[in-house]
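# mind looking at a prediction? Sequence and model below.
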Amino acid sequence: MTRLEDLRKKVDLCDRQLAAVLEKRLEIIMEIMEEKKLQKMPIFNKEREEKVINQIGHYVANPDLREEVRFIHQHVLQSCRRIQSKRLFPYHITLVGFMGSGKTTVGVELSNMLAMEQIDVDRVIEERMNMRVSEIFQLYGEQVFRQLESNVVEELSKRENVIIFCSGGGVVLNEKNIENIKETGVIVWLKASPQEIYRRICDDQSRPLLKDNMSVDKISQMLESRLPLYEDAADLVVNTDEKDVEQVSHEIVEQLMQLDINRKVHHRHAINL
Ligand SMILES: Nc1ncnc2c1ncn2[C@@H]1O[C@H](COP(=O)(O)OP(=O)(O)O)[C@@H](O)[C@H]1O
Ligand SMILES: O=C(O)C1=C[C@@H](OP(=O)(O)O)[C@@H](O)[C@H](O)C1
Ligand SMILES: [Mg+2]
């Protein structure tokens, strides 16, 4: 046997041991998840993860390799989060709510927390048209934007793998959108007061519907007319005033688990079960 063949054999043995240990770790993680569910404890715990990453470095004898092992372990923990999320949430998690309620930002945070892919309807439209949403409104008008929005909503609803599905604020205006979303998703309504929405987006020029009149009055008036639509569509509601993005995301996870426990969600076509 050449030296290279010999070394490859040793590496293969390491992989075999790694696979066995990783398999065991994932199985234990699922048991921990069940236990936490029973005890109604939060499933995803950032502090605990940081501790675990730090700790694994201390088990590495060669200080030159410590950071690399920590880096690898971060990926292991991400997989652990993903396997738990898949089991807990076999449906798209769809965020709806008025402009500035935090759909896009909370979607990204949730995506990290749950190791689930996040897709923003507005971003898909922008990529396809190679144009900003505001430019589409300006060049083609709202009706064309709404048609593009409905097409993307329908496509995303049919995706095989579950996603964090971030809609635009006007998605509720078309009943068909909500029907499509409900086929495979649970709808989370992010609520915010007009004053809070104004504070968040007053300097942002990217929202064409508020371009000519960015004011608390205009927001109140639009919000008022859409409230019944959000109310009707929502499977659950999270108030975001005076909560940061991380708190909102944790609350979404907790409420989703409650929904599941109470068997209120009919997984019309549960995905990836
Ligand atoms: N809970 C929150 N607390 C404070 N600021 C927030 C919160 N959620 C979102 N934001 C901020 O508000 C702005 C609008 O958020 P965004 O995610 O674009 O909303 P949406 O997609 O619903 O229009 C962003 O600057 C974001 O950082
Ligand atoms: O409320 C609306 O009708 C809209 C909201 C926007 O998305 P955000 O809610 O993410 O700002 C975007 O889809 C478009 O400007 C129309
Ligand atoms: Mg958005």
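Looks like it came in fine. Ligands and ions are numbered 1, 2, ... in the order given.

# check whether stretch 236-256 contacts ligand 2.
No: in this structure, stretch 236-256 remains apart from ligand 2 according to C-beta under 6 Å from any ligand atom; the gap is never smaller than 12.9 Å. C-beta: built from backbone N, CA, C; applies to glycine.

# pull out the buried positions in that stretch.
Neighbour counts using 16 or more other C-beta atoms under 10 Å place Leu236, Val238, Thr240, Lys243, Val248, Ser249, His250, Glu251, Ile252, Val253, Gln255, Leu256 of stretch 236-256 among the buried residues.

# in strands, which of the residues you listed appear?
Here DSSP state E is the test, and the buried residues of stretch 236-256 give Leu236, Val238 as lying in strands.

# need the buried residues of stretch 236-256 in a markdown table with distance to Glu149, can you?
Formatted as a markdown table, these follow (distance: C-beta to C-beta, whole Å):
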| residue | distance to Glu149 |
| --- | --- |
| Leu236 | 23 |
| Val238 | 23 |
| Thr240 | 23 |
| Lys243 | 27 |
| Val248 | 24 |
| Ser249 | 24 |
| His250 | 29 |
| Glu251 | 27 |
| Ile252 | 23 |
| Val253 | 27 |
| Gln255 | 26 |
| Leu256 | 25 |
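
# mind splitting the chain into its structural domains?
When the chain is parsed with automatic domain parsing, its domains come out as 3-88, 92-261.

# return the most buried member of these.
The highest average neighbour count among the domains of the chain, using mean count of other C-beta atoms under 10 Å, belongs to domain 92-261 at a mean of 18.

# in the stretch 1-150 of the chain, which spans are strands?
Defined through DSSP state E, counting those that start in this stretch, the strands belonging to the stretch 1-150 of the chain, from first to last, are 92-96, 117-120.

# enumerate every residue touching whichever residue of the stretch 101-250 of the chain sits closest to ligand 1.
Scanning the stretch 101-250 of the chain for proximity to ligand 1 using C-beta to the nearest ligand atom identifies Gly102 as nearest, at 2.8 Å. By C-beta atoms under 8 Å, 6 or more residues apart in numbering, the contact list for Gly102 reads Leu190, Ala192, Arg200, Thr240, Val245, Val248.

# looking at these, which is nearest Asn54?
Distances from these to Asn54 were compared by C-beta to C-beta; the smallest belongs to Val245, at 24.4 Å.

# write out the residues of the stretch 151-273 of the chain neighbouring ligand 3.
The stretch 151-273 of the chain has no residues near ligand 3, with proximity defined as C-beta under 5 Å from the ion.

# can you list the residues of the stretch 151-273 of the chain near ligand 1?
Arg200, Ile201, Thr240, Lys243, Asp244, Val245, Val248.

# just these: which are in helices?
Counting by DSSP state H, the part of those found in helices is Arg200, Ile201, Val245, Val248.

# same list (those) but as JSON lines, adding pLDDT.
As requested, these are exported to JSON lines (pLDDT from 0 to 100):
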{"residue": "Arg200", "pLDDT": "97"}
{"residue": "Ile201", "pLDDT": "97"}
{"residue": "Val245", "pLDDT": "98"}
{"residue": "Val248", "pLDDT": "98"}
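
# farthest-apart pair in those, please.
The largest distance within these, taken as C-beta to C-beta, falls between Ile201 and Val248 and amounts to 16.1 Å.

# between the residues of the stretch 151-273 of the chain next to ligand 1, which is closest to Ile125?
Top of the list for closeness to Ile125, among those and by C-beta to C-beta, is Ile201 at 18.9 Å.

# surely that closest one and Arg207 touch.
Yes: contact criterion C-beta atoms under 8 Å: Ile201 and Arg207 qualify, at 6.4 Å.
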